[in-house]
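**Q** got a sequence here, can you build the structure:
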Amino acid sequence: MPVEVRDATMCSAMYLVRADAARAVLAYADVDVTEVLPGKALCTLAFVRYGDSDLDSYHEFGVAFMVRPPEAGRPPTRGVLSGLKDLRLNGTGAFIHWLPVDQGFTMEAGRTIWGFPKELAEIDLRLTSPYKRCVLRKDGRLVLDLLIRPGMPVVTGPTPMDAYSRLDGVTRRTSWTMRPRGLRARPGGALIRLGNHPIAKELSELGLPKRALMTTTASHLKMTFHAPVELPHY
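**A** Here you go, the predicted model:
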């Protein structure tokens, strides 16, 4: 520790979804979603090509939700600005709900070290064209086909984050830092087609496909992952 990612390419699409539907998806988790707007939560779909990392080269797809820290206590009374107040007072993190990869070593390392819900899947990434595309299949069934159109250049510095995961009845928090180059962002910018896999059905219950709130791409991304901390049951 820490585990270093020296070069990766990342594309993501963020969606506003119904908070009650997100809570139903995360019923097994010891966390609560952040209502960024009354009755609305944030769900992010991301695909990454890891070119150079301590866990070798591989492809990854992620389904994550913005959540409140488990120790934050009861959410604030619902109101137009309650989500912003909650973010300011308690912060937020990303709960990793599903994290398929296409290589066995990173799957075992991710599950064993951080408790990330990694499992094997077929992840076809097409990143050389102007439109970035991920075709994801699991157990021979299509989960989704996600197309992202890069936006305008954005300048940002290192971004520290907390990732939460729950595996084998244990909730963990992992601190990590992203250092992107070639970052682009735009409103909308994603086209998604769902397949017939159970995860696709789960995404449809969140209201997908729909217009993305925002999409981001990073042509070169460095990341540092620290050791996880096991959290008590709240």
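
**Q** near the residue nearest to residue 168 when sequence neighbours are not counted, how many other residues are there?
**A** Sequence neighbours aside, residue 115 is the residue nearest to residue 168 in space, at 7.3 Å (criterion: Cβ to Cβ, 6 or more residues apart in numbering). Just so you know, the C-beta spots here come from the backbone N, C-alpha and C atoms, and that holds for glycine as well. By other Cβ atoms under 10 Å, 22 other residues sit near residue 115.

**Q** repeat that for the one 3 residues further on.
**A** Counted by other Cβ under 10 Å, the residues lying close to residue 118 total 26.

**Q** ok, it to residue 48 distance?
**A** Distance check for residue 118 against residue 48: by Cβ to Cβ, to the nearest Å, it reads 12 Å.

**Q** do residue 69 as well
**A** Residue 69 is 24 Å from residue 48, by Cβ to Cβ.

**Q** neighbour count winner among the two?
**A** Neighbour count, other Cβ under 10 Å: between residue 69 and residue 48, residue 48 has more, with 23 against 18.

**Q** can you name the element that comes right after the strand or helix carrying that one?
**A** Using DSSP states H and E, residue 48 sits in strand 40-53. Scanning forward in sequence from strand 40-53 by DSSP H and E, the next helix or strand is strand 58-68.

**Q** please name the residues that touch the residue nearest to residue 168.
**A** 165-168, 170, 172, 228 (Cβ atoms under 8 Å, 6 or more residues apart in numbering).

**Q** are any of the residues you listed buried, and which?
**A** Buried members of the contacts of residue 115, scored by 16 or more other Cβ atoms under 10 Å, are 165-167, 172, 228.

**Q** how about the residues you listed in CSV, adding secondary structure?
**A** As requested, the buried ones among the contacts of residue 115 are exported to CSV (DSSP: H, G, I helix; E, B strand; the rest coil):
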residue, secondary structure
165, strand
166, strand
167, strand
172, strand
228, coil
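
**Q** and the furthest pair within those?
**A** Maximum pairwise distance among these (Cβ to Cβ): 11.4 Å, between 166 and 228.

**Q** closest one to residue 183 out of the contacts of residue 115, please.
**A** Using Cβ to Cβ, residue 165 comes nearest to residue 183 of the contacts of residue 115, at 25.0 Å.

**Q** of the contacts of residue 115, closest to residue 18?
**A** Residue 18 lies nearest to residue 166 out of those, by Cβ to Cβ, at 21.3 Å.
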